[in-house]
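compute the structure for the input listed below.
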Amino acid sequence: MTPPRHIKIASCNFERNGGGEKKKWLAMHQRLADLKPTILCRQENPGHARTGSGRTLFNASQRILGLSGELGPGMGATSLYYDPEVFEQVTLWDTDWPNWLLPPTAMTLRVRGTDDVDLVAACAHLSYNSPSLRPIQTEDVTRFADKVETYLTPDGEVERKLPVLAVGMDGNSYIDPDRLVPGELPIPTLAEIKDPQHRAHRSYEIAPGQRVMDSRPDRILLTAGLEDAARHAALQPDGPGLAAVAPTVDSSDTHGPAHRVDRVYTTDFLLPAVVHAEVVDMKDLSDHHTVVVTYDLDAVIEIYLDRFGPAA
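Residues are numbered from 1 along each chain as shown. Got it, this is the predicted structure:
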């Protein structure tokens with residue numbers, strides 16, 4: 001029996017891309033290469049650029065990772081890498097959108113060896129300081145789940161709304177507290193956040209003097225049919241359990257208790273293809289840990305073809 005083909009989706013916020021420290025930059029990229037991701041979503045890329053010495057550094061990152069990649073708009077905001085032996089890039093999305101200091105990177109990728117199994121992958125980094133802007137940005141992220149393409153099939157031309165394989169993101173916000181996995185650490189309370197600016201960044205006012213913690217991005221994505229892949233994995237009978245939903249940011253005097261701010265979202269009907277999720281410790285390399293979600297690629301293809309049928 002042929003073993004399943006597993007692919008890994010990793011989402012990594014590498015603090016300031018190493019802050020110009022070459023040894024740290026190299027150590028992080030070697031660490032990520034050791035994880036063998038098939039798709040890597042990278043937030044915080046200062047020093048990487050589309051031209052000049054920044055392009056040289058970005059090209060070096062592709063060589064170390066063994067992946068092909070693209071940078072999003074702006075000065076090293078986000079980037080997205082993929083394994084060209086597993087996927088071919090169909091489209092690099094234009095994501096130079098208003099309301100984004102750190103615009104996302106997104107691609108339509110086709111599974112190698114298929115005629116038309118096309119999936120969307122993206123990397124996003126929501127505003128760190130504006131709870132008013134994050135819902136607007138998240139509504140933009142839902143556009144990744146709203147891509148309609150036309151295909152020629154035995155029944156003629158048909159339109160397909162492409163599924164999102166993964167959006168890896170730093171949400172700078174919290175999980176909906178009503179959707180926590182049993183035993184998962186609760187989201188911080190306002191009183192636990194000592195830094196006054198961070199209190200303003202992570203909460204919003206619902207009545208004079210009354211603030212609630214910001215989980216609106218998570219709820220918006222759920223409404224749009226994009227599910228938290230790690231949560232799904234944690235809830236499976238033979239899954240990784242709470243290890244899948246471990247904090248991605250450690251506790252601190254300013255930011256409060258440890259919490260899970262980095263997440264990978266996938267179109268809900270692809271969830272049966274998710275087989276594992278984990279949080280990889282990046283202590284001493286970054287202020288965020290890395291989320292890795294494993295999918296059964298053959299299951300992704302089967303779900304896709306069952307839903308859409310093959311092209312002509």
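
beyond the one helix or strand residue 61 maps to, next helix or strand please.
When elements are defined using DSSP states H and E, residue 61 is found to belong to helix 52-65. Sequence-wise, the next helix or strand beyond helix 52-65 is strand 68-71, with elements assigned using DSSP H and E.

elements contacting that following strand?
In this structure, strand 68-71 packs against helix 52-65, strand 78-82, strand 87-92, strand 105-111, with contacts taken as 3 or more C-beta pairs under 8 Å, 6 or more residues apart in numbering; DSSP states H and E. C-beta coordinates here come from the backbone N, C-alpha and C atoms, glycine included.

now do the longest one against strand 78-82, angle only.
Meaning helix 52-65. For the pair helix 52-65 and strand 78-82, the angle between their directions (axes from the mean of the first three to the mean of the last three C-alpha atoms, to 10 degrees) equals 40 degrees.

for helix 52-65, packing partners?
For helix 52-65, the helices and strands in contact under the criterion 3+ C-beta pairs under 8 Å, 6+ apart are helix 22-35, strand 68-71, strand 78-82.

and if we set it to 10 Å?
For helix 52-65, the packing partners by 3 or more C-beta pairs under 10 Å, 6 or more residues apart in numbering; DSSP states H and E come out as helix 22-35, strand 39-43, strand 68-71, strand 78-82.

list of residues touching that helix?
For helix 52-65, the surrounding residues in contact (C-beta atoms under 10 Å, 6 or more residues apart in numbering) are 10, 17, 22, 25-26, 28-30, 32-33, 35-37, 40, 42, 45-51, 67-71, 75-76, 79, 81, 83.

got a list of what residue 11 touches?
Contact criterion C-beta under 10 Å, 6+ apart gives 37, 39-43, 123-124, 166-170, 229-230, 248, 262-265, 288, 290-293 as the residues in contact with residue 11.

which members of those residues occur in helices, if any?
Residues from the contacts of residue 11 lying in helices, with DSSP state H as the criterion: 229, 230.
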